[in-house]
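S.K.: Need a 3D model of the sequence below.
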Amino acid sequence: MHQAVTALTQSLSYGKTVGESNEAPRNPVGRLAQVYEVARNALEYRADHLVRRAAIERILKRQVVFEKNAAKLADSLVEELEWARYINEEKEDEGTKKEIALILEKYLEVFNSGGINRDWLMGMASAEIEER
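M.R.: Okay, here's the model as predicted:
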């Protein structure tokens with residue numbers, strides 16, 4: 001069995017109460033997101049900041065199809081980044097979400113107008129968010 005799958009199955013509680021640790025996310029979705037990101041990044045080796053930017057871009061491309069509100073999009077983005085362990089829950093605050101929402105508002109206006117390459121635009125937005 002693949003190492004990532006073995007690690008996942010060993011970390012499952014199978015219905016038993018398990019004390020929280022700093023290593024594992026608090027919910028199964030977070031654990032699956034973390035395993036997915038580790039596997040995905042193993043396939044595409046990049047520097048840490050590029051890995052984080054690529055994850056932001058993937059999430060944005062998927063979420064922008066369903067959500068047009070910048071604040072809700074920022075909430076979803078931060079939540080998924082927490083699940084995948086790119087950011088710490090303790091360090092994330094409402095100010096961070098507001099800053100990301102402001103960045104997204106700027107890009108969503110242009111994105112929805114349709115006059116520019118959307119892939120390039122999502123790359124620019126993800127780079128600015130990662131820098132934040």
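
S.K.: only C-alpha atoms for contact and neighbour calcs from this point on.
M.R.: Will do.

S.K.: Report the contact partners of the residue most central in space within the chain.
M.R.: With distances taken as CA atoms, centre = their mean, Leu81 lies nearest the centre of the chain, 3.0 Å away. The contact partners of Leu81, by CA atoms under 8 Å, 6 or more residues apart in numbering, come to 56, 87.

S.K.: Tell me how far it lies from Glu109.
M.R.: 23 Å (CA to CA, to the nearest Å).

S.K.: follow-up on the earlier one: which SS class is the residue nearest to the centre of the chain?
M.R.: helix (DSSP: H, G, I helix; E, B strand; the rest coil).

S.K.: so where is the chain shaky, pLDDT-wise?
M.R.: For the chain, applying pLDDT under 70 flags the ranges 1, 8, 12-26, 41-49, 90-93.

S.K.: mind running it again at 90?
M.R.: Applying pLDDT under 90 to the chain flags the ranges 1-55, 61, 63-68, 79-97, 106-127, 129-132.

S.K.: Show me what the one helix or strand Leu60 maps to is in contact with.
M.R.: Leu60 belongs to helix 48-66 when elements are defined using DSSP states H and E. Helix 48-66 has contacts (CA under 8 Å, 6+ apart) with 41, 45, 73, 76-77, 80-81, 86, 122-123, 125-127, 129-130.

S.K.: Any of the residues you listed buried? List them.
M.R.: Among the contacts of helix 48-66, those scoring as buried are 41, 73, 76-77, 80-81, 86, 122-123, 125-127, 129-130 (criterion: 16 or more other CA atoms under 10 Å).

S.K.: Sort out which residues of stretch 27-45 are buried, please.
M.R.: Residues 30-35, 37, 41 are the ones in stretch 27-45 that count as buried (16+ other CA under 10 Å).

S.K.: ugh, typo on my part, it should be stretch 77-93
M.R.: Across stretch 77-93, burial judged by 16+ other CA under 10 Å covers 77-86.

S.K.: possible to save those residues as a markdown table with distance to Glu94?
M.R.: Conversion of the buried residues of stretch 77-93 to a markdown table gives the following (distance: CA to CA, whole Å):
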| residue | distance to Glu94 |
| --- | --- |
| Leu77 | 13 |
| Val78 | 10 |
| Glu79 | 12 |
| Glu80 | 15 |
| Leu81 | 15 |
| Glu82 | 14 |
| Trp83 | 17 |
| Ala84 | 19 |
| Arg85 | 18 |
| Tyr86 | 17 |
